[in-house]
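Novice: got a sequence here, can you build the structure:
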Amino acid sequence: MKNLANISSHLKVLDTKDLTIQRVEDPISLKNLSFKVYDEIGNFGSKLEIWINDFSDVEFPIRIHYETSRNGSALQWLKKDQTGDGTHPYFFTQCAAGDGTGLNVIAHEIAHSWTGNLVTHFNFEHFWIKEAFTVFLERKIMGRIYGEPMRQFLAEGGWKDLKDSIEQYGEKNPLTKLHLDLTGLDPTDSFSKVPYEKGSTVIWYWDELYEDSELFDKFIRYFLSKWKFQSITLHNLFETILEFTRKEAPLDVYTKLLNMNTTAWFEEPGLPPYKPEWLKLGIRSRYKPIVEQVFRFTESQGRIYFNQQLFRDMYDWKEQRVETIETYHRIKNRWMFITGYLVGRELKLFC
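Specialist: As a prediction, the model looks like this:
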């Protein structure tokens with residue numbers, strides 16, 4: 001971690017990459033501010049130093065006028081031959097929220113208004129923090145819209161994505177840790193599902209540790225209020241949840257949090273030392289209270305991807321097979337024909 005304590009409060013240092021800095025100004029007085037762009041260092045971009053005139057306040061605005069490059073890694077330039085109709089070129093940013101049909105993507109980007117914009121990570125070695133909370137909140141939003149089983153099913157899919165990423169990197173690869181050491185590495189090389197899914201598992205674990213979602217929601221609000229407009233590290237995050245838990249949660253929750261194996265969670269590669277209970281896992285564990293949730297979830301929506309897998313697993317549970325087939329006949333007419341047909345095949349109803 002870089003020590004910023006010795007940098008003068010009159011001098012501000014920013015990172016730039018593939019940008020041409022034209023002018024820096026105080027947007028209130030419109031006076032130009034002195035700045036210097038250093039030579040590019042490999043793939044890491046260039047340092048931008050800005051000198052603040054008449055420094056008096058802790059907070060102050062800066063306006064930077066810049067021009068992007070066609071090679072900007074946060075931007076995509078498509079020639080007209082690369083577009084659908086081949087008529088016009090097209091430009092978009094990596095932050096664009098899909099094509100508007102993915103509600104979970106929209107929920108994710110909305111959540112970034114708090115975890116990512118209001119509070120963000122100190123540097124890319126702590127990148128997982130903002131994505132962990134954002135994925136957790138994204139799925140919480142989806143759960144509010146479609147019900148708790150939807151949240152659990154999305155998390156189950158995220159676990160599969162996490163396993164695939166770790167298998168691709170190798171389970172001993174240091175880039176599968178949450179707290180990374182990126183000395184000499186391009187942060188882009190560390191990008192994967194790991195910070196998103198392994199990170200969100202940490203937040204899910206804390207939520208389950210509380211055994212009180214409303215109290216955990218209160219912690220999230222406390223965390224966002226305490227660190228608003230700041231960049232934080234793992235140390236800041238863990239100290240904050242300990243502080244809140246000590247004051248607001250039962251003693252046994254605080255004790256469990258103190259005994260959390262932080263080395264295994266944050267400093268070791270591979271899968272996290274915990275996997276939450278979800279619908280499919282509940283079925284495979286023959287956990288009877290999950291049955292009602294499964295059928296309620298399959299009745300609430302008609303997605304082939306979800307219902308085909310769930311009914312297949314329920315059919316394999318011999319004790320529940322009769323009820324599974326009865327439930328299928330009761331709700332199949334609420335789905336599209338293809339969903340009903342494919343689920344029926346999983347239940348051996350069609351040859």
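Novice: show me where the stretch 101-250 of the chain dips below the pLDDT cut-off.
Specialist: 101 (pLDDT under 70).
Novice: give the buried residues for stretch 216-224.
Specialist: Neighbour-count burial for stretch 216-224, counted by 16 or more other C-beta atoms under 10 Å, picks out 216, 219-220, 222-223. C-beta coordinates here come from the backbone N, C-alpha and C atoms, glycine included.
Novice: to clarify, my last question referred to stretch 326-333.
Specialist: Across stretch 326-333, burial judged by 16+ other C-beta under 10 Å covers 327-328, 331-332.
Novice: tell me who's in contact with Phe127.
Specialist: Taking C-beta atoms under 8 Å, 6 or more residues apart in numbering, we find Phe127 in contact with 121, 180, 187, 190, 195.
Novice: how far away is the first one from His112?
Specialist: In this structure, His121 and His112 are separated by 12 Å, where distance is defined by C-beta to C-beta, to the nearest Å.
Novice: tell me, what's touching those two both at once?
Specialist: Lys130.
Novice: show me the helices in the stretch 1-150 of the chain, by range?
Specialist: Secondary structure of the stretch 1-150 of the chain (DSSP state H, counting those that start in this stretch): helices located at 103-111, 128-146, 148-169.
Novice: now tabulate the ones you listed in a markdown table and tack on mean neighbour count and distance to Leu242.
Specialist: Output for the helices of the stretch 1-150 of the chain, formatted as a markdown table (neighbours: other C-beta atoms under 10 Å; distance: least, C-beta to C-beta, whole Å):
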| stretch | mean neighbour count | distance to Leu242 |
| --- | --- | --- |
| helix 103-111 | 17 | 24 |
| helix 128-146 | 22 | 16 |
| helix 148-169 | 18 | 25 |
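Novice: output the ones you listed as JSON lines; include the columns distance to Ala249.
Specialist: Formatted as JSON lines, the helices of the stretch 1-150 of the chain follow (distance: least, C-beta to C-beta, whole Å):
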{"stretch": "helix 103-111", "distance to Ala249": "23"}
{"stretch": "helix 128-146", "distance to Ala249": "18"}
{"stretch": "helix 148-169", "distance to Ala249": "22"}
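Novice: tell me which of these lies nearest to His235.
Specialist: helix 128-146 (10.8 Å; C-beta to C-beta).
Novice: now the closest one against helix 103-111, angle please.
Specialist: With axes from the mean of the first three to the mean of the last three C-alpha atoms, to 10 degrees defining the directions, helix 128-146 sits at 130 degrees from helix 103-111.
Novice: what angle do helix 148-169 and helix 128-146 make with each other?
Specialist: Using the same axes, to 10 degrees: helix 128-146 against helix 148-169 is 150 degrees.
Novice: quick one: list the elements packing against helix 128-146.
Specialist: Judged by 3 or more C-beta pairs under 8 Å, 6 or more residues apart in numbering; DSSP states H and E, helix 128-146 is in contact with helix 103-111, strand 119-121, helix 148-169, helix 199-210.
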